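> Let's see this in three dimensions:
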Amino acid sequence: MDVNNLDEFLEARGFGEKKFWQVEKATYKYTDCGAWCREVEGGLEVGSIVEGVEAETESHTLLYPFKISKFWDDLQSVEDEALQIWNDNNIEEE
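Sure, this is the predicted structure:
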């Protein structure tokens, strides 16, 4: 599904969100890494701070129009990268 603006994004997510702050809150709460999502000119951006290691993931910018699947893929990439950063800094090699 193509997302052409914020209203379409809210609808495409399918969680009944009416305001962007609800997306921000849900993204942080329901991702393992506490990802952030913010509005940027012409689209959205997702990323994460990896707490405890003073690092950040790469941020992903999605400019309208984009596929909702691209949002979910980018959010998963943030989760994967945050886990890798955490593991690289917290798992001791034997």
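
> List the buried residues in the longest helix seen in the chain.
Scanning the chain for the helix with the most residues, using DSSP state H, yields helix 68-90. When neighbours are counted by 16 or more other C-beta atoms under 10 Å, the buried residues of helix 68-90 are found to be 68, 71, 74-75, 78-79, 81-82, 85-86. (Glycine included, C-beta is placed from N, CA and C.)

> can you check stretch 59-69 too?
60, 62, 66, 68.

> Hmm, the second one is touching residue 70, no?
Yes: under the contact definition of C-beta atoms under 8 Å, residue 62 touches residue 70, with a separation of 6.1 Å.

> All the helices of this protein, residue numbers only.
Under DSSP H, the chain gives helices at 6-13, 20-29, 68-90.

> how about those helices in JSON lines, adding distance to residue 44 and mean pLDDT?
Listed next are the helices of the chain as JSON lines, based on distance: least, C-beta to C-beta, whole Å; pLDDT from 0 to 100:
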{"stretch": "helix 6-13", "distance to residue 44": "7", "mean pLDDT": "97"}
{"stretch": "helix 20-29", "distance to residue 44": "8", "mean pLDDT": "97"}
{"stretch": "helix 68-90", "distance to residue 44": "7", "mean pLDDT": "96"}
